[in-house]
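[1] What would the 3D arrangement of this be:
(one chain, ligands or ions: 1)
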Amino acid sequence: MTLPLADGAALHALAARLYRIPRSLAGPGVRETLDGLAGFAPIERVDLPSGTPLLDWEAPQEWILRSATLTGPDGRVIADAAVHNLHVLNASAGHRARLSLAELRPHLFSLADRPDAIPYRTSYWRENWGFCLPHRVVESLPEGEYEVAIDAERVDGVFSWGEAVLPGDSADEVLFSTHVCHPQLANDNLSGLVVMTALAAELAARPRRRLTYRFLFAPGTIGAIAWLATRRDRVGAIRHGLVTAGLGDPGGFHYKRTRRGDTPIDYLVPRALAAIGAAPTVEPFVPFGYDERQFNSPGFDLPVGSLTRTPWGRYPEYHTSDDDLDFITPQQLDGALVAFRAIVDELERREVYVNLAPYGEPRLGRRGLYREIGGDEAGREKELALLWVLNLSDGIHDLPAIAERSGLPLAAVRDAAAALVAARLLAPVP
Ligand code: ZN
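    Okay, the predicted model is just below:
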């Protein structure tokens, strides 16, 4: 069976279909987007009433945008949300007024260093109204009377996210999370949405999975907080996770480590990507960025890293109207899907063991595993492999990680593991 999202062209076409939907933290735009993704993968929508307490936050109200226009003194429409979503301040309050240029200016947002692009600006947590415009337009506005007509409101309703859970043989979970709140921006983050949807569809179609996979399509920050707040019973099952976004731009991959920095996902991602010729730039954890900051908050401290192409804020198109459908390419989207497939393959075939006699070194000679007479170099590598496997088989290091750390061939490490299992000193992690 050919999956409908099996290549970059199909991924790009889905991004194009969702591009114009006016998303925000909550409201019809997020619902329409999630429903659009659910046609391809088993994504369920979770709805919480506005105002639901969520850790130190609460579920936001829905933002309903009907129209937003700014008309100049000569009757010409200067900004219209129907032309580009970004023209209206995201989550803007409704506002109708006639006012002077001086009164209008505090409500206009533009970028002096990218004068032809419309910036993406939000006002989620503070009531405000406004328009976003190319700086060139703002600079050329004449004195006179302007007409503001923003037909928008925030109302009590539901706060939504999408979730796909694909059970495996083990209840141990892999979490993939990506944000769904940005309006008309392609790389940040339709690219993440379509690649994760394609991955979820592929995994759902597999006859068998070793691990359980959970995909979150959640509004930034508050979505991850809402999931953590309401699914505390599932938090402890997460063994590996990745927050992802920005997968369609021309850049190479960047992997940001977990807070702990030495969990399996921290070595699996660089290894999997290196194996397909796409080794990532590896960066340390910092407590800002995407939703990895929620999953890595100290109370949860989950092993969740982040994989993107060019990280947020490091490309000039970031959070502007230049992050459009031409900025993301089918080739880059396809390469991202290939990369995530390679990561899943690494996760599925992990060879991890635990030392059953971890207190002191077990007597290997007595079990026929160690030379009784020292000095013979021929058996040296074999013995070193036994010692490395015993020492690092902690349920975290897998055999390739032990091979890398020890500098021994993987085959020698595998042979040592097999010998130790036979001697009942080692057991595979189920
Ligand atoms: Zn963003």
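[2] so how far is the helix or strand of the chain with the lowest mean pLDDT from its chain's centroid?
    When the helices and strands of the chain are scored by mean pLDDT, DSSP states H and E, strand 394-398 comes last with a mean of 91. Between the mean C-alpha location of strand 394-398 and the chain-wide mean there is a distance of 25 Å, by CA atoms, centre = their mean, to the nearest Å.
[3] Pull the residues that contact that strand.
    Contact with strand 394-398 is made by 262-264, 350-355, 405, 429, as judged by CB atoms under 8 Å, 6 or more residues apart in numbering. In short, each C-beta sits where N, CA and C put it, glycine included.
[4] Which one of these is nearest to Leu399?
    Of all the contacts of strand 394-398, Glu351 has the smallest distance to Leu399: 4.2 Å, by CB to CB.
[5] Tell me who's in contact with the residue nearest to that closest one when sequence neighbours are not counted.
    Closest residue to Glu351 apart from its sequence neighbours, by CB to CB, 6 or more residues apart in numbering: Leu399 at 4.2 Å. Going by CB under 8 Å, 6+ apart, Leu399 touches 351-353, 389, 410, 413-414, 417.
[6] any idea which of these is the one closest to Pro362?
    Using CB to CB, the contacts of Leu399 come closest to Pro362 at Val389, 11.8 Å.
[7] isn't the closest one right up against Tyr353?
    Yes. Here Val389 reaches Tyr353: they are 7.1 Å apart, a contact under CB atoms under 8 Å.
[8] List phi and psi for Pro49.
    phi -60, psi 140 (degrees, to the nearest 10).
[9] From Ser110, how far out is it?
    In this view, Pro49 and Ser110 are 37 Å apart by CB to CB, to the nearest Å.
[10] Look at those two and report which has more neighbours.
    Ser110 (19 against 10; other CB atoms under 10 Å).
[11] ok, the more buried one - contacts?
    Taking CB under 8 Å, 6+ apart, one finds 119, 132-135, 137-138 in contact with Ser110.
[12] which one of these has the most neighbours?
    Cys132 (26 neighbours).
[13] Please name the spatially closest residue to it (chain neighbours excluded).
    Cys132's closest residue in space is Phe109 (CB to CB, 6+ apart), at 4.6 Å.
[14] quick one: contacts of stretch 143-154?
    60-74, 78, 88, 91-101, 104, 107, 129, 131.
[15] Drop anything exposed from those residues.
    60-65, 68-72, 78, 88, 91-93, 95, 101, 104, 107, 129, 131 (16 or more other CB atoms under 10 Å).
[16] Among those residues, name the ones in helices.
    Of the positions in the buried ones among the contacts of stretch 143-154, 101, 104 sit in helices, assigned by DSSP state H.
[17] By neighbours, which of the contacts of Leu399 wins?
    Busiest of the contacts of Leu399 [other CB under 10 Å] is Val389, holding 29 neighbours.
[18] Could I have the CA atoms of the helix or strand harbouring Ala342 written out in CSV?
    Per DSSP states H and E: Ala342 is located in helix 330-348. Presented in CSV, the C-alpha positions along helix 330-348 are these (Å, rounded to 0.1, in the frame of the first residue of the first chain):
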residue,chain,number,x,y,z
PRO,A,330,9.6,18.9,-1.1
GLN,A,331,13.2,17.7,-1.1
GLN,A,332,13.9,19.0,2.4
LEU,A,333,10.5,17.8,3.8
ASP,A,334,11.3,14.4,2.3
GLY,A,335,14.8,14.4,3.8
ALA,A,336,13.2,15.1,7.2
LEU,A,337,10.8,12.2,6.9
VAL,A,338,13.8,10.0,6.0
ALA,A,339,15.7,11.2,9.1
PHE,A,340,12.8,10.5,11.4
ARG,A,341,12.3,7.0,9.9
ALA,A,342,16.0,6.4,10.6
ILE,A,343,15.6,7.5,14.2
VAL,A,344,12.5,5.2,14.7
ASP,A,345,14.5,2.3,13.2
GLU,A,346,17.3,3.0,15.8
LEU,A,347,14.7,3.1,18.6
GLU,A,348,13.0,-0.1,17.4
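[19] before we move on, back to that, and of the contacts of Ser110, the nearest to Pro280?
    Pro119 (28.8 Å).
[20] which residues touch the closest one?
    By CB under 8 Å, 6+ apart, the contact set of Pro119 is 86, 109-111, 132, 319-321.
[21] quick one: which of those residues is nearest to Trp227?
    Nearest to Trp227 among the contacts of Pro119, with distances taken as CB to CB, is His319, at 24.1 Å.
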